[in-house]
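> generate coordinates for the sequence data below:
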Amino acid sequence: MKMFSVRFILLILCMFFSRSLSKLERLKHPVTKSDGSLDILVVGDWGRQGGFNQSLVAQQMGLVGEQLDIDYVISVGDNFYDDGLKNDTDPAFESSFSHIYTHPSLQKKWYSVLGNHDYRGNVSAQLSHVLTQKDERWICRRSFVLFSGMVEFFFVDTTPFVEEYFTDPEDHTYDWSNVLPKDRYISNLLHDLDSALNKSRATWKFVVGHHGIKTAGEHGPTQELIDQLLPILERNKVDVYMNGHDHCLQHIGSERGIQFLTSGGGSKAWRGVILPVDPKELKLYYDGQGFMSLHITRSKTKFIYYDVSGNVLHQFTLSKTFGH
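You can find the predicted model right below:
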């Protein structure tokens, strides 16, 4: 009887510990503008030590960031190529980030998720507070919630969803520490995301991941996310899903429902591939480098896409109506 009690207590402790590890961390970014608005830049697939026009994109981000007086930057993953960071002293952190995004307007917090190329390196290095001590802008987590006034961003670690990375035909090595067993990791993540979205009372609910759900880019839609993540987004009436992975700029969406936005043009692009997608839903497909901005108020969010020269490629606005 006594042995049974000990085992029961250990089981409860293990269940609690495994659940507590998967709870989404909540971060808060204060709203400082008098009208309560937010201005944000979104970029992905960038970390190439300035190469493949990364420096030119960074320059334009700085100019637009100054014009908009941005509050922070969101990175949608693949932060360091080709194989993430080796450790938290890897010089690629400075040569691909600190020494590239030098414009005064970009000296704001960068909230980042991991991409598949980041998982090919040392994941704990990118998550390390050592990097934040080197450059206080850097904030990277696997999955977390960012609260800013009337908007909540839900950052999702999408790489462990993709089955082919666990049997990669190209024989890449992935850092799965603190992810395995995969099924439990994903189950806990989806449970916590669903719960956080359901409890959210934010006016705007935006979800950020690396892999695409709807995309005409080379990689195509990620079936595992369509099967497991999309139903949660739809059930919780998410406004926008933002991703990278495909090295292009995209806007796919119907008049009602989730808008699917790709901002993966931070460096290497021009793949020359466009996959079939419903032409009624494809609002923008730009096979090149660039980034995106968001201007968020309580009643409207304006999205603008820029190319590598700072030209506006596409813009649209989502509106909210409130009952009296």
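
> ok, the residue positioned nearest the centre of the chain - contacts?
The residue lying closest to the centre of the chain (Cα atoms, centre = their mean) is residue 76, at 3.2 Å. When contacts are counted by Cβ atoms under 8 Å, 6 or more residues apart in numbering, residue 76 is found next to 42-45, 113, 115, 208-210, 242-245, 263-264. C-beta: built from backbone N, CA, C; applies to glycine.

> against residue 202, how distant is it?
Distance of residue 76 to residue 202, computed by Cβ to Cβ, to the nearest Å: 20 Å.

> ok, now residue 137?
Going from residue 137 to residue 202 by Cβ to Cβ gives 24 Å.

> same question for residue 105.
Applying Cβ to Cβ, one obtains 26 Å for the distance of residue 105 from residue 202.

> just residue 274 next, same as before
Look at residue 274 and residue 202: by Cβ to Cβ, they are 34 Å apart.

> which secondary element of the protein has the worst mean pLDDT?
helix 2-22 (a mean of 46; mean pLDDT, DSSP states H and E).

> show me where the stretch 201-324 of the chain has helices.
Counting by DSSP state H, counting those that start in this stretch, the stretch 201-324 of the chain has these helices, from start to end: 223-228, 230-235.

> which residue sits closest to residue 117, ignoring its sequence neighbours?
Nearest non-adjacent residue to residue 117, counting by Cβ to Cβ, 6 or more residues apart in numbering: residue 78, 4.6 Å away.

> point out where the stretch 101-250 of the chain drops to low pLDDT.
When residues are selected by pLDDT under 70, those of the stretch 101-250 of the chain lie in 169.

> repeat the analysis, applying 90 as the threshold.
167-172 (pLDDT under 90).

> got the contact list for stretch 166-178?
Taking contacts as Cβ under 8 Å, 6+ apart, the residues outside stretch 166-178 that touch it are 83-84, 116, 119-124, 159-160, 165, 182.

> got the CA coordinates for it in CSV?
Provided in CSV are the C-alpha atoms of stretch 166-178 (Å, rounded to 0.1, in the frame of the first residue of the first chain):
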residue,chain,number,x,y,z
PHE,A,166,13.0,13.3,-38.2
THR,A,167,13.9,11.1,-41.2
ASP,A,168,15.6,13.8,-43.3
PRO,A,169,16.7,12.4,-46.6
GLU,A,170,19.5,15.0,-46.8
ASP,A,171,21.0,13.6,-43.6
HIS,A,172,20.9,16.9,-41.7
THR,A,173,21.4,16.7,-38.0
TYR,A,174,18.7,18.4,-35.9
ASP,A,175,18.9,19.3,-32.2
TRP,A,176,15.9,17.7,-30.7
SER,A,177,16.9,18.1,-27.0
ASN,A,178,14.0,19.1,-24.8
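
> related to what we said a few turns ago, show me which of the contacts of stretch 166-178 are buried.
Burial by neighbour count, judged by 16 or more other Cβ atoms under 10 Å, picks out 83, 84, 116, 119, 120, 121, 122, 123, 159, 160, 165 from the contacts of stretch 166-178.

> my guess is the fourth one contacts residue 84. True?
Yes. Look at residue 119 against residue 84 with Cβ atoms under 8 Å: they come within range, at 6.7 Å.
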